[in-house]
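Visitor: Model the structure of this input:
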Amino acid sequence: MILSVSLNPKIEKIGRVKRFQVGKMNKIEITRESSGGRGINAARFIKKIGGEVLITGIIGGKTGEYIEEELKREGIDTDFYVTEEESRISIKIFDEKGLRTDVSEVGPLLSPVDTKGFVDKFKEIVKDFDVVLLSGSIPSGVPENIYFRLITIAKDAGKITILDTEGEPLIEGIKGSPTIARVDKPDFDKICGSSLISPARRIKTIKEPKPNIIIVNFEKGNILFNFEEKVYHLLSPEKFNGNDRDGFRDRFIGAISFFLDNGSDYIDSIKKALSISLKEGFNFERKLVLKEV
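Guide: Below you'll find the predicted structure:
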């Protein structure tokens, strides 16, 4: 079973406007409203493809109540730590040309008591799971090494750990040596330096402590990853619309968790996850090209 950690969940609203004008009144039609955050989105996909998953994290206020109630309506199990601070709301606004503008609340400012409360909860529940997925941003007030702490706890309990975040929480988190870390190209450059040396060579230069497997996303359908002493390039020859980047990322990391939880090996899990994430359905006949580099 999979434990999906979403430390900074939100209500996500999707809106449309004829023409977005900065500095003027914009009347927005809200077309969809749901709970969101990377860990929640990944868990939804895990559930959709038949996996067993529970979401944990930190919620608060009426927004937090809505997040938990909606997930329960969807049949997704939850076990959140509840704070007195209000969870956040974000709005994605699309104009008539499909251009997207994101507006988001800063979110809750959590205290050391909240951080300790969640860590204590995590210690209690993690023992019941085989795979732990830690993804998304962290709330204000939570230490940037929080993922390092959670990964260490999960590893000590013998769990597979998968990290998907960015910035300092990522840099601190990989020091815990998670089983897998998924990174975007900008964060990859921060970790091992941007230079004329090829990414395949640079991935080998990352110093300990480091993840067992680093998956670098260049774009949809184009990833680089290491396994043991080798580096692989996995590519789909098909072209994809870049507007679904966020959705693809969450499906991909959720699918990796699913296949590992169901006994697939690491390389097979990554291949299957890329295939199903691009199609959003079981289609293992997709022509993916895997080569050692």
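Visitor: in the stretch 1-150 of the chain, which spans are helices?
Guide: Assigned by DSSP state H, counting those that start in this stretch, the stretch 1-150 of the chain shows helices spanning 38-48, 61-73, 112-125, 146-156.
Visitor: Of these, give the one that comes closest to residue 106.
Guide: Minimum separation from residue 106 across the helices of the stretch 1-150 of the chain (CB to CB) falls at helix 61-73, 13.0 Å. C-betas here are computed from N, CA, C, even on glycine.
Visitor: List the buried residues in that closest one.
Guide: Buried residues in helix 61-73, counting neighbours by 16 or more other CB atoms under 10 Å, are found at 61, 63-64, 66-68, 70-71.
Visitor: which other residues reach the helix or strand hosting residue 169?
Guide: Secondary structure assigned from DSSP states H and E places residue 169 in helix 167-173. Helix 167-173 is contacted from outside by 134, 137-138, 144-148, 151, 163, 165, 181, 183, 187, 190-191, using CB atoms under 8 Å, 6 or more residues apart in numbering.
Visitor: For the residue nearest in space to the middle of the chain, list each beta-bridge partner.
Guide: Nearest residue to the geometric centre of the chain (CA atoms, centre = their mean): residue 135, 3.7 Å. Assessed by DSSP bridges, residue 135 has beta-bridge partners residue 164.
Visitor: My guess is it contacts residue 164. True?
Guide: Yes. Applying CB atoms under 8 Å as the test, residue 135 and residue 164 come out as touching, 3.9 Å apart.
Visitor: And the lowest-mean-pLDDT helix or strand in the chain, how far out from the chain middle?
Guide: For the chain, scoring each helix and strand by mean pLDDT, DSSP states H and E identifies strand 289-292 as the least confident one, at a mean of 85. How far strand 289-292 lies from its chain's middle: 25 Å, per CA atoms, centre = their mean, to the nearest Å.
Visitor: pLDDT below threshold where in the protein?
Guide: Along the chain, segments meeting pLDDT under 70 span 239-245, 280-286.
Visitor: change it to 50
Guide: Applying pLDDT under 50 to the chain flags residues 281-282.
Visitor: tell me, which helix in it spans the most residues?
Guide: Within the chain, and with DSSP state H defining each element, the longest helix by residue count is helix 245-261.
Visitor: how far out from the middle of the chain is the helix holding residue 169?
Guide: For helix 167-173, the distance to the chain centre is 13 Å (CA atoms, centre = their mean).
Visitor: Show me which parts of it are buried, residue by residue.
Guide: 169-173.
Visitor: Tell me the one of these nearest residue 2?
Guide: For those, the nearest to residue 2 is residue 173 (18.1 Å; CB to CB).
Visitor: Just want to check the distance between that closest one and residue 135.
Guide: Going from residue 173 to residue 135 by CB to CB, to the nearest Å gives 10 Å.
Visitor: same check, this time on residue 174
Guide: Using CB to CB, one gets 14 Å for the distance from residue 174 to residue 135.
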